[in-house]
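**Q** could you look at this predicted model? Sequence included:
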Amino acid sequence: MGEADGSYIYYCVPGMEEVSAEPIVISVSAKDFQRLPLRGSGIVVEPDRDDYIIRLPVIALTDPSPQILTTTILGVGVAIHATPIEHSWDFGDQTPAHTTTWEGEFSIDGGTTWLPINGTTTTTNTTNPITIEERVPLLTG
């Protein structure tokens with residue numbers, strides 16, 4: 001197996017016969033990467049409560065962990081390693097929406113050699129709306 005231009009050259013060796021004269025070139029395109037069932041990195045809102053009060057902190061965070069997925073290309077098992085490289089948040093409509101941009105690399109030799117995937121993919125997570133209330137303190141005598 002050799003590498004050329006971000007792809008593997010895979011030679012089929014049926015049984016003990018000689019190496020096939022026609023190599024199979026295996027690569028993962030940005031379109032292939034975008035079709036994979038990549039999980040979004042999620043949204044956690046803290047503190048976990050039913051009511052939120054204006055001027056008190058509300059924290060939204062996400063899981064930065066990479067993911068490994070497997071697929072088959074031209075009958076060959078391929079591992080995809082997806083790493084989050086950018087996160088964006090949109091709180092404009094009362095529903096926190098979180099988009100993660102992922103870059104990837106792939107391997108057909110069990111993770112010994114990883115080659116980059118040219119292009120990125122994105123995932124989007126949303127969560128239920130939260131209501132933020134204003135509480136007015138009253139002094140009574």
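**A** Here it is on my side, so go on. Keep in mind it's a predicted model, so treat the numbers as computed, not measured.
**Q** what is the neighbour count of residue 121?
**A** Using other C-beta atoms under 10 Å, residue 121 is surrounded by 19 other residues. Bear in mind the C-beta positions are built from the backbone N, C-alpha and C, glycine included.
**Q** ok, now how distant is it from residue 101?
**A** Residue 121 sits 8 Å away from residue 101, going by C-beta to C-beta, to the nearest Å.
**Q** quick check: closest non-adjacent residue to residue 59.
**A** Closest residue to residue 59 apart from its sequence neighbours, by C-beta to C-beta, 6 or more residues apart in numbering: residue 46 at 4.4 Å.
**Q** burial of the one you found, as a residue count?
**A** For residue 46, using other C-beta under 10 Å, the count is 10.
**Q** one more: residue 108?
**A** There are 19 residues near residue 108, going by other C-beta under 10 Å.
**Q** pretty sure it contacts residue 78?
**A** Yes - if you go by C-beta atoms under 8 Å, residue 108 and residue 78 touch, sitting 5.4 Å apart.
**Q** follow-up on the earlier one: separation between the residue nearest to residue 59 and residue 118?
**A** In terms of C-beta to C-beta, residue 46 sits 37 Å off from residue 118.
**Q** from the chain's centroid, how far away is stretch 70-85?
**A** Offset of stretch 70-85 from its chain centre (C-alpha atoms, centre = their mean, to the nearest Å): 12 Å.
**Q** and the lengthiest strand in the chain, what does it pack against?
**A** Selection of the longest strand in the chain by residue count, based on DSSP state E, yields strand 76-90. On a contact count with 3 or more C-beta pairs under 8 Å, 6 or more residues apart in numbering; DSSP states H and E, strand 76-90 meets strand 24-26, strand 67-73, strand 97-107, strand 115-126.
**Q** what's the most buried one of those strands?
**A** For the helices and strands packed on strand 76-90, the largest average neighbour count (mean count of other C-beta atoms under 10 Å) is found in strand 97-107, namely a mean of 20.
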